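J.: just a sequence and a predicted model for now, questions to come.
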Amino acid sequence: MTHAPPPAAPPTAAEIAADFRALIEAAPAFGTAAAEAARAGLDGADGLAELAGWIAGWRGTPRVGRAIVGLYAASHAAEPQGAAEARTRLEALAQGAGAVNRIGRSLGAGVDVFDLALDKPVRDAAFARALSLREAAATMAFGMEVLAKEPDLLILGDIAPGSVPAAAALIAGLTAELTGGDPDALSLPHERDRTRQALDRARAAGPEGPLDWLAELGGREIAALTGAILAARASGVPVLAEGMAAAAAALLAHAIHADATAALRLVAPHPHPAHAAVARALGTTPVLGTPSPDHEGVGGLSVLALLRLAQPVQTLS
């Protein structure tokens with residue numbers, strides 16, 4: 001009688017994180033000479049010069065050939081009407097009917113939308129683990145597919161009602177874990193009790209690293225955005241992260257490996273106080289100065305428009 005070998009144990013959070021860290025450690029470095037050359041071509045236009053240098057340092061040129069807006073649609077059990085709302089929005093964007101589609105077409109940018117099991121909301125983190133570790137890791141891998149078209153610039157956002165409180169809880173948890181900060185300071189008054197309940201439950205589960213925190217508190221959109229950020233860094237593609245979910249994903253990627261967000265910029269300040277905590281943790285400031293609650297890529301396209309303005313100047317210099 002022959003016996004099949006026992007099934008392999010699923011990878012642990014630490015093993016999955018180690019695989020992602022290996023990707024980042026092999027990632028390309030910033031090209032200082034190309035960045036300086038791009039900035040020199042825009043002498044006197046400080047904001048544009050800084051942006052052009054940022055792009056050139058990662059891509060070798062300040063010109064953005066292919067820009068992609070990647071939007072991830074997901075739902076949360078804590079937002080009962082969220083799945084239907086997200087489905088309606090996703091279908092409109094898939095048909096090219098949104099503002100982000102129209103602006104993207106005018107700037108030569110593509111818009112890719114991803115359905116992350118919209119009809120299967122993640123569990124309410126105040127009462128249960130939001131995702132299994134296997135679900136979180138698989139969704140991160142799926143998020144990486146936005147790099148398939150080999151963009152020169154990636155703009156990331158979400159279509160996920162309920163993503164803001166989930167992102168805020170995850171940011172609070174990671175921030176407290178990394179710096180010992182006060183989670184209440186990163187919550188809005190109306191969500192404070194629920195965030196505290198989710199954090200207390202998550203801590204009691206004993207998360208051992210950033211991926212455990214993601215599984216305890218996050219949504220599929222945050223998982224997919226994290227995968228996209230890690231894949232972009234591995235390919236040397238600069239990222240503009242828009243909205244709270246993308247900010248939480250950036251902080252999570254940074255917790256996995258500090259260099260994972262080296263090529264990432266936040267698009268604009270967000271009204272939620274947790275967003276500013278991410279900017280502080282990453283040591284960066286948003287590109288745009290005007291606060292915005294938008295998370296569907298329009299702000300990121302505004303930054304792309306600035307880069308498009310800089311290109312003729314570069315050509316003439």
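T.: Noted; the coordinates are in hand. Note that the structure is a prediction, hence the values are computed from the model and not measured. Numbering: from 1, shown residues only.

J.: what about the strands in the stretch 51-200 of the chain?
T.: For the stretch 51-200 of the chain, the strands defined by DSSP state E, counting those that start in this stretch occupy 67-73, 109-115, 153-159.

J.: mind putting those strands into JSON lines with mean neighbour count, mean pLDDT and distance to residue 97?
T.: Placement of C-beta: from N, CA and C, glycine included. Formatted as JSON lines, the strands of the stretch 51-200 of the chain follow (neighbours: other CB atoms under 10 Å; pLDDT from 0 to 100; distance: least, CB to CB, whole Å):
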{"stretch": "strand 67-73", "mean neighbour count": "28", "mean pLDDT": "98", "distance to residue 97": "14"}
{"stretch": "strand 109-115", "mean neighbour count": "19", "mean pLDDT": "97", "distance to residue 97": "11"}
{"stretch": "strand 153-159", "mean neighbour count": "29", "mean pLDDT": "97", "distance to residue 97": "13"}
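
J.: any idea which of those strands gets closest to residue 233?
T.: Shortest distance between residue 233 and those, using CB to CB, is found for strand 153-159: 10.2 Å.

J.: number of nearby residues for residue 141?
T.: 15 (other CB atoms under 10 Å).

J.: excluding sequence neighbours, find me the nearest residue to it.
T.: Leaving out its chain neighbours, the residue that sits closest to residue 141 by CB to CB, 6 or more residues apart in numbering is residue 227, at 6.0 Å.

J.: what residues are up against that neighbour?
T.: Taking CB atoms under 8 Å, 6 or more residues apart in numbering as the contact definition, residue 227 lies against 139, 140, 141, 142, 143, 144.

J.: which among those end up buried?
T.: 139, 140, 142, 143, 144 (16 or more other CB atoms under 10 Å).

J.: of all residues in this structure, which one is nearest the centre?
T.: Centroid check for the chain by CA atoms, centre = their mean gives residue 246 as the closest residue, at 3.0 Å.

J.: how about the CA coordinates for the helix or strand where that residue lies, as PDB?
T.: Assigned by DSSP states H and E, residue 246 falls within helix 243-256. The C-alpha trace of helix 243-256 is given here as PDB (Å, rounded to 0.1, in the frame of the first residue of the first chain):
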ATOM      1  CA  GLY A 243      -6.900  57.900  -0.500                       C
ATOM      2  CA  MET A 244      -6.900  56.100   2.800                       C
ATOM      3  CA  ALA A 245      -6.800  52.500   1.600                       C
ATOM      4  CA  ALA A 246      -3.700  53.200  -0.500                       C
ATOM      5  CA  ALA A 247      -2.100  55.000   2.400                       C
ATOM      6  CA  ALA A 248      -2.700  52.100   4.700                       C
ATOM      7  CA  ALA A 249      -1.300  49.800   2.000                       C
ATOM      8  CA  ALA A 250       1.800  52.000   1.700                       C
ATOM      9  CA  LEU A 251       2.300  51.900   5.500                       C
ATOM     10  CA  LEU A 252       1.900  48.100   5.400                       C
ATOM     11  CA  ALA A 253       4.400  47.700   2.600                       C
ATOM     12  CA  HIS A 254       6.800  50.000   4.500                       C
ATOM     13  CA  ALA A 255       6.400  47.800   7.600                       C
ATOM     14  CA  ILE A 256       7.300  44.700   5.400                       C
END
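
J.: tell me which residues in it are buried?
T.: For helix 243-256, a neighbour-count test (16+ other CB under 10 Å) marks 243-256 as buried.

J.: repeat for stretch 271-280
T.: 272, 274, 275, 276, 277, 278, 279.
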